Structure formats: structure tokens, C-alpha cells
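Engineer: Provide a 3D model corresponding to the input given below.
(one chain, ligands or ions: 2)
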Amino acid sequence: MSENQTSPQSVEVVCPSSCSSESDANERPETDNGTIYSHDSGFEGECHSTLPASPTTIPRNRVGSASRRDRPRRQRTTSTSQNTIRPNEAIIRFSNNRTIYTAGRPPWYNTMGQQVEPFIIGICGGSASGKTTVAQKIIESLDVQWVTLLSMDCFYKILNKKQHEAAERNEYNFDHPDAFDFELMLDVLKKLKEGRKVEVPVYNFVTHAREATTKTMYGANVIIFEGILTFHSADVLKMLDMKIFVDTDSDIRLARRLKRDITQRGRDLDGVLKQYSTMVKPSYSNYIAPTMAHADIIVPRGGDNKVAIQLVVQHVNTQLQLRGFKLRETLAHSETLNQPMPETLRLLPETPQIKGLHTFIRNANTSRDEFIFYSNRLIRLVIEYALSLMPFIDVKIETPQGITYYGKRMASNRICGVSILRAGETMEQAVSEVCKNIRIGKILIQTNQQTGEPELYYLRLPKDIKDYRVILMDATVATGAAGIMAIRVLLDHDVPEENIMLVSLLMAEIGVHSIAYAFPKVQIVTSALDPEINDKFYVIPGIGNFGDRYFGTEPADYDP
Ligand SMILES: Nc1ncnc2c1ncn2[C@@H]1O[C@H](COP(=O)(O)OP(=O)(O)O)[C@@H](O)[C@H]1O
Ligand SMILES: Nc1ccn([C@@H]2O[C@H](COP(=O)(O)O)[C@@H](O)[C@H]2O)c(=O)n1
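Structural biologist: Ligands and ions are numbered 1, 2, ... in the order given. Alright, predicted model coming up:
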């Protein structure tokens, strides 16, 4: 990553009918979330946002970090080969191949590269008590950018014909625990807790059925799980870090439910009243109210209770701090002086030719044309060197003279390239030239100008990437924060650590240590190693901002 690439310090999550690959963008419901997979091109694209997985009632532009909008935003344009991203203008937008851009995801792992478990808040309460409203208010007040809201509605069981007919007559009990698929619920929660991607059913209250498409979600820094029976299962209870019960007067709940179910859930007055008196009310008394005993905090009056919500927010912020989400700062100040370089580092031998190329590109007076020319030469050499480190096998061939020649062939041609945008993109051509038909993925990571943390903005990876050796490309590595994030993404996509090779023109020693410490099996390949980084996270002596010099763009005034 270009070290001074910046991202907006706050982004409003706008998820226009998007985030899916299976149907046309314009047909999507407003409540998409999470990670999306493109099935049309053999690539996966990901969308990171903070919106709920079920079609609940959260206005799409009110969720997430919208409250942190007090500082002026800087305009910054990042060019990729496919589109132009102005992250502080359009948060999510489709390119013609349905790749998605969205608000940046901050680190979900610690300096050791290990995933930090999300903090899971369970919100329970009667129907229309204000669970979703409370969840929304917590999200708005939290000082974290990556919050996912999951509704228990997603786990309503699929009805058979008889049950469906009963539901149509308002005679199917949607408030009984048997109406929910607890097994699936637990599986989804477990995966989210592990930070894994997961497919979540989308529920339609009008048809009493799951939609044909699912939503893909990722674990986040905070996950809020809300529903009428979130405290029912002992296994689910164990997964909740904080349990909130929203306790709202039953008359108010009925009044709200009447209004909501008639306007939004396709029901009529008689139907709502019948369902309420025969099933909703008894189930509340039998199954929901008794679980109040599990709550850490009971919130009377729901979303109106500002004091309770502030207390919750304070507690969650403290817990998140303890879990350690401040990555780049920690990496930049880690003690690595005089430590031997890791065995996984492979430095291109410093021949006069290599030194000569470095002299050109490090020289501040080198023109842009020359900078590109000499960088490309160096990139080509470093890529060839990286390939020479791949496993080879012995082969026997016959020359045109009919003589046997004992040679070598790369053990597998399952190699793909992944560039860390935007500077890593400069290395794509070289890898394509030396590996015929190689598939290239892209990861856009930018620095948040307020927090200094790397954020994941865009992702497009070959679909079966787990079966490939991956050449991960970035022009320079300073603290290693972007590299660690990209490697974490690859691991999350099941690429074995030993199959990843991070290739760069120039690395700072501290960045190499950080990466090797977090991921000791990742091979690290570079053409030069510099001793320091400065307080703006530039490599010293370095080559300046590689992306700006290569692409001819103005330096951004990132102030860490
Ligand atoms: N404090 C409140 N005052 C007025 N209406 C509210 C309040 N809280 C929620 N509502 C409305 O009541 C309905 C149910 O609220 P919601 O938060 O979705 O409850 P739940 O998630 O518990 O079903 C929604 O239409 C919502 O707009
Ligand atoms: N097909 C369905 C499914 C569920 N319900 C009712 O929804 C309520 C739970 O949702 P809340 O947003 O109110 O928590 C629950 O009380 C079910 O009766 C439904 O009416 N139809």
C-alpha cells in the first residue's frame, strides 16, 4: 500500500440494493450486508458494511459510524484498472462486473495476526419492544466502525405446505421456540465469532418463507444479535458477551406491532389481534419473559432509554479496547532492533545491476518516465526471483537433436497473483508476463486518516484461491500493517499460510519482523531492505510514495 494513501475518516454506510452477485443489483433489498461473492467470473468480490442481514426496518443510511462525521473529509481518488473509487463520495458502487466497493473494514486481528474475537451482544425482548431500535442506537454511539446486526428472524424454519396454510390463517405459532432453527443459528454465530464468512438466510414476513438468495456476512468487531428468543438456547447464551433485555410495556408493544404488521408485514387488524392474543402474548409469558433472568442489563422503555444505551456503549468500548484493535501504531513501535532477520525473508542478491536500478528509483530527481521504466525492470527481476523460490521438480525432455535433457519444471502451475492496491497493481504486468494465463486478484487497503489504521475497501479474489500458491504483491512495505491485513484476508479464504509469498520492491526491517512474527510461514521476498520508518510510516531512506511517483498523483497529506 502507498503509505500515505488515505481513506475518509468516517463513512456513511449506504448499501443501495447491492451486495449480491446472484441477481441484478437493482433488484436487491435495501438491507444487504457483509461479504458478497460474484459467481459470474470465477472471482469473489466482497462488500463490507454494517447493515442487518434480515429485512428489518433499519434505515439503510443510519447504521454504522455515521455519527463520526464532524471533521472535514479530504477528497482522494484511487484508480484501479476497473474503476475509479472515491471512497468518501460513493461508498458502494457496482462496476460492470459486479464488484463492490464499500466502507473500509478495520483490522479484525491483533499484531500476531490472530483473529480477535468479535464482541457479541445479545438483545432479547418481546415483539416490537424496540430491540432493533436499541441495537441501532448502540451502533450509532459505538466508537467502532465494524458492527454487524444479525436478526433471529433469519432463522425461522422453512414451513411445509400444511404449516404454511396455518400461517396464512394466523394459526402457526411463530413465537414458539420450535419455530426457529437453533442448529443453524448456532452454526452461524460460531462462524461469525471465528471471523469466518457465512451465508445467512433472508426472511420474508409477508410470505412466511426464506428468500431464494442468502446474505453473506463476516465476523465484525461487534456483532449484535437480536430477537424474541435470543436467550432461549443455553449454547447461544454461552456465546454472548453481553446480554440485554428490552423490557417494554405490553400495551405499547401491541400498539407498535399493530401499526408495523399492518403497514410492513402484510397483515390486517383482525389477524394481528388474533395472532397476538393466541400466540404472541402467551409465548411471551411462557418463553420470553422468563429469560429476562439471564440479562446483564434490562433496558426499560427501549430506544428511549438514553442512559441505559450510554452505559452499554461505554462497556462495549472498554471491552474493545482491552481486545486491542489498534494495530499500526503498535506495529510501528514494536521493539525489533538488533533482532536477526527471519529465515523466511529472501533478499534479492545485491548485484551492481540491482543497486543501479535502486539508485534510479530512489533518486528524488528521477523523472516519472524514468521512474516507471526502472521500477518495471526491478519489478520484473523481483518477480522472477520469487518464482525461482517456488518448488520445482526434475523432468526429462528431448532436444531437437534427439538428446535427453534433464531439466526442471515448476511443481505446480496453480499460482495466482494478488495485488495490494494501489501500488501493488504496478507489479501485475510483470507477473502476468512471466506466468502465462495467471489469475490476478486485488485487495484495496487504505489508511484511515483519523485512526491511522489500515482498512479493507475492496476485494476480488480468484474463487478457488485456497488451492493456489499466492504471490501477494505490494511495491513497498513499511510497518507491515497492510501486508498483514492482506495475508489475514487470504488466510480467511483458506489459503494455507505456507502457500503465501509476499513480494515487494522495498521493505522496512520493522515491517518484515512484524509480518514474520504474525505469519512465520509466509515467504517474504524483496529487492532491498531499509532500516527505518519515519513518523509518517515512510520507509527510510526509501523511495518516497511509490504509488504517487508511478501514477503521477499528488501526495496526500496524511497526518498519522
Ligand atoms: N421508542 C419508540 N417510540 C416509538 N416507536 C418506536 C419506538 N421504538 C420502536 N418503535 C417502533 O416500533 C416498531 C418496533 O420496533 P423495533 O425496534 O423494530 O422492535 P423489535 O425489534 O423489538 O421488534 C417499529 O416500527 C419502530 O419504529
Ligand atoms: N412469518 C412470520 C414470522 C414472524 N412473525 C412475528 O414476528 C415476531 C418477531 O419479530 P419482531 O421483529 O417483532 O421481534 C414474532 O412475534 C412473530 O409473531 C410473524 O408475524 N410472521
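
Engineer: all contacts plus neighbour counts: C-alpha atoms, from now on.
Structural biologist: OK.

Engineer: Can you give the domain ranges for this structure?
Structural biologist: According to automatic domain parsing, the chain comprises the domains 17-59+117-311, 329-551.

Engineer: Kindly confirm my reading that I393 is in a strand.
Structural biologist: Yes - assessed by DSSP: H, G, I helix; E, B strand; the rest coil, I393 belongs to a strand.

Engineer: and it, what pLDDT?
Structural biologist: The model reports I393 with a pLDDT of 95.

Engineer: same thing with P462?
Structural biologist: pLDDT, read off for P462, is 89.

Engineer: now the one 10 residues further on
Structural biologist: The score at L472 is 98. That number is its pLDDT.

Engineer: Helix or strand: which one has it?
Structural biologist: Using DSSP states H and E, L472 falls within strand 469-473.

Engineer: and the next element down the chain from that strand?
Structural biologist: strand 476-477.

Engineer: neighbouring contacts of that following strand?
Structural biologist: By Cα atoms under 8 Å, 6 or more residues apart in numbering, the list of residues contacting strand 476-477 from outside reads 1-2, 423, 483, 504-508, 511-512, 539, 546.

Engineer: The same query, at a cut-off of 10 Å, please.
Structural biologist: The contact list for strand 476-477 (Cα atoms under 10 Å, 6 or more residues apart in numbering) reads 1-3, 423-424, 483, 502-512, 515, 526, 528-530, 533, 537-539, 542-547.

Engineer: Inside strands: which ones of these?
Structural biologist: Residues of the contacts of strand 476-477 located in strands (DSSP state E): 502-504, 506-508, 526, 529-530, 533, 539.

Engineer: could the residues you listed be laid out in TSV, adding distance to T216?
Structural biologist: Below are these laid out as TSV (distance: Cα to Cα, whole Å):
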residue	distance to T216
L502	28
V503	31
S504	32
L506	36
M507	35
A508	37
T526	36
L529	40
D530	41
I533	38
V539	38
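
Engineer: returning to that earlier point: nearest to ligand 1, out of the domains of the chain?
Structural biologist: domain 17-59+117-311 (3.2 Å; Cα to the nearest ligand atom).

Engineer: does ligand 1 sit close to the closest one?
Structural biologist: Yes - Domain 17-59+117-311 is in contact with ligand 1 by Cα under 6 Å from any ligand atom, via 127-133, 256, 260, 303-304.

Engineer: Any chance of a ChimeraX selection covering the buried ones in these?
Structural biologist: Here is the ChimeraX command that selects the buried residues among the residues of domain 17-59+117-311 next to ligand 1 (16 or more other Cα atoms under 10 Å):
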select :127,128,129,130,131,132,133,260,303
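
Engineer: Which ones among the residues of domain 17-59+117-311 next to ligand 1 lie within helices?
Structural biologist: 131-133, 256, 260 (DSSP state H).

Engineer: what about the residue of the stretch 301-450 of the chain found nearest ligand 2, neighbour count?
Structural biologist: The minimum distance from the stretch 301-450 of the chain to ligand 2, using Cα to the nearest ligand atom, falls at G302 (12.8 Å). Look at G302: counted by other Cα atoms under 10 Å, it has 25 neighbours.

Engineer: let's have the chain start at 56 instead
Structural biologist: New numbering, starting at 56: the last item is G357.

Engineer: Apart from its chain neighbours, what residue comes closest to it?
Structural biologist: Closest residue in space to G357, ignoring its immediate chain neighbours: G185 at 5.2 Å, by Cα to Cα, 6 or more residues apart in numbering.
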